[in-house]
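Colleague: Build me a structure from this.
(one chain, ligands or ions: 2)
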Amino acid sequence: MAASADPTAATIATLAPPQPPPAAGTGPATPAAAPIPRRAPRPDVEPEQNGTAERALIGVFVGVPMLALLAAGPVAWGWGLGWHDIVIAVVFYAISGLGISMGFHRYFTHGSFKATRPFKIALGVAGTLAVEGPVLTWVADHRRHHKYSDAEGDPHSPWRYGSDWKALAKGLAFAHMGWLFDRNRTSKEKFCPDWLADDDIRWVSRLFPVLVAASLLAPAAIGGLWSMSWQGAVTAFFWASLVRVAFLHHVTWSINSICHTFGKEEFEVRDKSRNVNWLAILSFGESWHNLHHADPTCARHGVLRGQIDIAARLIRWCEKLGWVRDVRWPDEARLAGKRVTGRSRQLGSMTKRAVAGPAATREVG
Ligand SMILES: [Zn+2]
Ligand SMILES: [Zn+2]
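Modeller: Numbers count the residues shown, from 1 in each chain. Ligands and ions are numbered 1, 2, ... in the order given. Next up, the predicted model:
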């Protein structure tokens, strides 16, 4: 693995100039969204900061599932893991993880495709079940991350304290979890005016507490009814609610920490984003993060042959079902100039191949 922690690496302040606003890659993703009127520049963060109570609540939602994850080993060894629990946990992991990858990230943040109204709402609900904050907050934070990636202003760069091993260790911890407790709140008015103007999504965002309760209680109810026992409800709650949420949290956070520190730079980027193959399946393709920063609106992140990207495959199926359209599939001509290594490796399926100039492209896969 080619670690980027070389001693000559510049600190974040000098890594990259601030990138252009997310408009190019993250513009309104609904056809009905009206153009946003230009106003005076808004600050990146809201004037009102997160209070102690809110930070304590985040601590509970982060800490309790994590304790469950730590306890999972002994519990699995001794008692209380049945195949019902495994099935329910895997299904809820897939629904909430794909809700983050396809929904919160590729659709809501980057507009990689357009969706029908029911599917848009379904993606918003599914992502909310991951307990990673309301959709509007998630999108605002992530657009701010792309605007400043690994430079000053990035809400979660592992390079924020410098590039020597001590600073990087501290930075990794901050990028993984510490940033969640930052008092600054990313401005939604500045970073996601498109979704703030969408009644459905404001409603999904506001329903966050109800959907979190559903995400935690539904597995218990299903486990209880399936086995017709209280013990079935308790073990399903432990595995498919607590352990599943904690595990998905760490996978998502690893994109911010590990995928900005270790891995391969296969495409040219101005930041430290890297492709990490061993996280690809667990993250549904999100760990092809180097390509993602090189081409943020691209619907498939694992663009090279053999790079498994489950979310992209699902988007393809949804396109065939008519639930999504105008998908921004990888474009050979667009990506050609961004390759830095492994040029011999072909682009994978779902790519628009350049045939005779950019005007004539055909889609394969
Ligand atoms: Zn992104
Ligand atoms: Zn990133």
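Colleague: in the stretch 1-150 of the chain, which segments are predicted with low confidence?
Modeller: Along the stretch 1-150 of the chain, segments meeting pLDDT under 70 span 1-41, 78.
Colleague: next one: phi and psi at residue 125?
Modeller: The phi and psi values for residue 125, taken as degrees, to the nearest 10, are phi -70, psi -50.
Colleague: I figured it hits residue 211, correct?
Modeller: Yes. Residue 125 lies in contact with residue 211 (Cβ atoms under 8 Å); the separation is 6.3 Å. C-beta coordinates here come from the backbone N, C-alpha and C atoms, glycine included.
Colleague: shared neighbours of the two, anything?
Modeller: residue 204 (Cβ atoms under 8 Å, 6 or more residues apart in numbering).
Colleague: Who has more neighbours out of these two?
Modeller: Between residue 125 and residue 211, counted using other Cβ atoms under 10 Å, the more crowded position is residue 211 (22 against 19).
Colleague: which of the residues in the helix or strand the more buried one falls within are buried?
Modeller: According to DSSP states H and E, residue 211 maps onto helix 208-227. The neighbour-count check on helix 208-227 (16 or more other Cβ atoms under 10 Å) flags 208, 211-212, 215-216, 218-220, 222-224, 226-227 as buried.
Colleague: Out of the residues you listed, the closest to residue 246 would be?
Modeller: residue 216 (11.8 Å; Cβ to Cβ).
Colleague: Quick check, pLDDT for the closest one.
Modeller: Here, the pLDDT recorded for residue 216 equals 97.
Colleague: Look up how far residue 56 lies from the residue nearest to it when sequence neighbours are not counted.
Modeller: Spatial nearest neighbour of residue 216, excluding adjacent residues (Cβ to Cβ, 6 or more residues apart in numbering): residue 241 at 4.5 Å. According to Cβ to Cβ, to the nearest Å, residue 241 and residue 56 sit 21 Å apart.
Colleague: With residue 232 instead?
Modeller: Computed as Cβ to Cβ, the residue 232 to residue 56 distance reads 32 Å.
Colleague: and if you look at residue 196?
Modeller: Separation of residue 196 from residue 56 (Cβ to Cβ): 27 Å.
Colleague: Specify which residue of those two has the higher count of neighbours.
Modeller: Set side by side, residue 196 and residue 56 show more neighbours around residue 196, with 16 against 11, by other Cβ under 10 Å.
Colleague: okay but that one is in contact with residue 134, surely?
Modeller: No. In this structure residue 196 lies outside contact range of residue 134 using Cβ under 8 Å: 11.7 Å.
Colleague: contacts for the helix or strand hosting residue 146?
Modeller: Using DSSP H and E, residue 146 falls within helix 135-148. Contact partners of helix 135-148, identified using Cβ under 8 Å, 6+ apart, comprise 18-22, 25-26, 44, 100, 103-105, 108-109, 124, 127-128, 132-133, 153-157, 185-188, 190-192, 195-196, 201-202, 204-205, 256, 293, 296.
Colleague: OK, contacts around the residue lying closest to residue 80 once chain neighbours are set aside?
Modeller: Leaving aside its chain neighbours, residue 80 sits nearest to residue 235 (4.4 Å; criterion: Cβ to Cβ, 6+ apart). The neighbours of residue 235, taking Cβ under 8 Å, 6+ apart as the test, are 80, 81, 82, 84, 85, 223.
Colleague: As a check, name the ranges of all strands in this structure.
Modeller: Along the chain, counting by DSSP state E, strands occupy 114-115, 324-325, 352-354, 361-363.
Colleague: Single out the most deeply packed of these.
Modeller: Of all the strands of the chain, strand 114-115 carries the top mean neighbour count, a mean of 20, counting by mean count of other Cβ atoms under 10 Å.
Colleague: Give me the helices and strands touching the helix ranked longest in the chain, please.
Modeller: Counting residues, the longest helix found in the chain (DSSP state H) is helix 52-78. In terms of contacts (3 or more Cβ pairs under 8 Å, 6 or more residues apart in numbering; DSSP states H and E), helix 52-78 is packed against helix 244-257.
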